[in-house]
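Asks: below are the sequence and a predicted model; questions follow.
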Amino acid sequence: MTVTGVNRELNVAPGSVVHIRDEEWLVTSAEKSVDGTLVRVQGLSELVRDTTAAFYSALDTIEVVDPRNSKVVADSSPNYRRARLWLESTLRKTPAPLNDPKLGVSTRMLADSLNYQRIAVAKALDSRNVRPRILIADAVGLGKTLEIGMILSELVKRGRGERILIVTPRHVLEQMQHELWCRFALPFVRLDSAGIQKVRQILPGTRNPFTYFKRAIISIDTLKSARYRAHLEKLRWDAVVIDESHNLTNSGTQNNELARVLAPNTEALILASATPHNGKNDSFAELLRLLDPTVVRPDGTFEQKDIEHLIIRRHRHSPEVASEVGADWAERLEPDNKLIPASPEENDVADELAGTWLYPRAAPRHTLVRTAAFSRGPWRRPSSRALRRCWRRSGNG
């Protein structure tokens, strides 16, 4: 083992193993300066495993492990089980090439992936896109959550999904977390305002609370608060997912301001909405600006050919969907409107409501024929006399 003292020149390169502060680290980069070397590392020993840090040789004693002094230990486990597990885990941690067109892990999820879902993933990861950005606008029931999980899995496999933030409405937080863990083995910490406050109590006052967990899923109602704005502006993510993104289109709202903070501070951006277009081009243009501001002109107009790579929209009658799951959709029958006359008892109650409560000044009292709803307009509690009369006539008294 070669020991290098403080303020001495450090002979280290990416891939070297070093001892710093009684822990073992793997060097990922080294930058030399006039008075020392800045070493960026990833933890290897149990206490710091998978933790990233940076040390400066002018401040810390860095011991470079000489590989010639490493001790080779024989694997005594049956069929070399431990060695094989170590090799497999190492291979799993090795990122796939960024421009690899083949889908690796997303096709092995705990669900039967369909071809049209794989098309959405391939479009998001197209090598022609400098940054993965896509609006998934498939109709309800086509599996937008599965497509999101498949895209995130592929980003993780390619080494581009270390820090991920998912923003969803409150009522789908648990469902989204459950689906990503059970189907894709992607763990996310579900946070609310109380959880964020607990994190802030643990960390020093100068530490950003959103750096504590690498992967978090947070309600948009929590995250849009102005008190978190400064922290989010200083933080970059590998991927951000915003579900129900049609709620982001109104300029000046807290939802829109949150999206404008997150969009430029993430490498990959995934928006999901079954109703992305509300009939107003300016609202839809706002979604496009979040994905790529250059596709929208200053006057708010855009060309279809410029946005095709950013959007994927299918419904149950789309050819690629109908060919796979068309038989699973029940045909919708034409509505058959039937007029059902009210019973005498129902007419008595309607007559009482109209003559006594709804139109008390009306001189003649007339019989009303109603269907399922007795009357339109404000409803008031009927008199006990009308209810007793209706009760007796129905044979109950």
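Replies: Structure's in. What do you need?
Asks: going by C-alpha atoms from here, please, whenever you check contacts or count neighbours.
Replies: OK.
Asks: what's the closest non-adjacent residue to Ser193?
Replies: In this structure, Ser193 finds its nearest non-sequential neighbour in Thr222, 6.0 Å apart by C-alpha to C-alpha, 6 or more residues apart in numbering.
Asks: so that neighbour is in which element?
Replies: Using DSSP states H and E, Thr222 sits in helix 220-223.
Asks: quick one: contacts of the helix or strand following that helix?
Replies: Sequence-wise, the next helix or strand downstream of helix 220-223 (DSSP H and E) is helix 229-233. Outside helix 229-233, the residues that touch it by C-alpha atoms under 8 Å, 6 or more residues apart in numbering are 208-210, 258, 261-262, 265.
Asks: list of residues touching the helix or strand Arg81 falls within?
Replies: Here Arg81 is covered by helix 81-93, with elements defined by DSSP H and E. Residues from elsewhere that reach helix 81-93 (C-alpha under 8 Å, 6+ apart): 75, 157.
Asks: and that helix, what's its mean pLDDT?
Replies: Averaged across helix 81-93, the pLDDT comes to 82.
Asks: and the next helix or strand past it?
Replies: Sequence-wise, the next helix or strand downstream of helix 81-93 (DSSP H and E) is helix 115-124.
Asks: switch the contacts of helix 229-233 over to a markdown table; also include pLDDT.
Replies: Output for the contacts of helix 229-233, formatted as a markdown table (pLDDT from 0 to 100):
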| residue | pLDDT |
| --- | --- |
| Asn208 | 89 |
| Pro209 | 90 |
| Phe210 | 91 |
| Leu258 | 94 |
| Val261 | 94 |
| Leu262 | 95 |
| Asn265 | 93 |
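Asks: strands of the chain, start to end?
Replies: In the chain, the segments counted as strands under DSSP state E are 2-4, 17-20, 23-33, 36-43, 52-56, 62-64, 133-136, 164-168, 189-191, 215-219, 237-243, 266-272, 311-312.
Asks: so which bits of the third one are buried?
Replies: Across strand 23-33, burial judged by 16 or more other C-alpha atoms under 10 Å covers 24-30.
Asks: just the closest of the residues you listed to Ile119, please.
Replies: Thr28 (34.5 Å; C-alpha to C-alpha).
Asks: contacts only, for the closest one.
Replies: 13-15, 39-42.
Asks: pull up the per-residue confidence for it.
Replies: Looking at Thr28, its pLDDT is 90.
Asks: now do the contacts for the nearest residue to it once chain neighbours are set aside.
Replies: Of all residues not flanking Thr28 in the chain, Pro14 sits nearest, at 4.7 Å (C-alpha to C-alpha, 6+ apart). Taking C-alpha under 8 Å, 6+ apart, we find Pro14 in contact with 26-30.
Asks: try it again with 10 Å
Replies: Neighbouring residues of Pro14 by C-alpha atoms under 10 Å, 6 or more residues apart in numbering: 26-30, 39-41.
Asks: pLDDT weak spots in the stretch 1-150 of the chain?
Replies: The model of the stretch 1-150 of the chain has pLDDT under 70 over residues 1-9, 93-101, 106-107.
Asks: any idea how far the closest residue to Trp25 other than its chain neighbours lies from Leu26?
Replies: Closest residue in space to Trp25, ignoring its immediate chain neighbours: Gly43 at 4.5 Å, by C-alpha to C-alpha, 6+ apart. As judged by C-alpha to C-alpha, to the nearest Å, Gly43 and Leu26 stand 6 Å apart.
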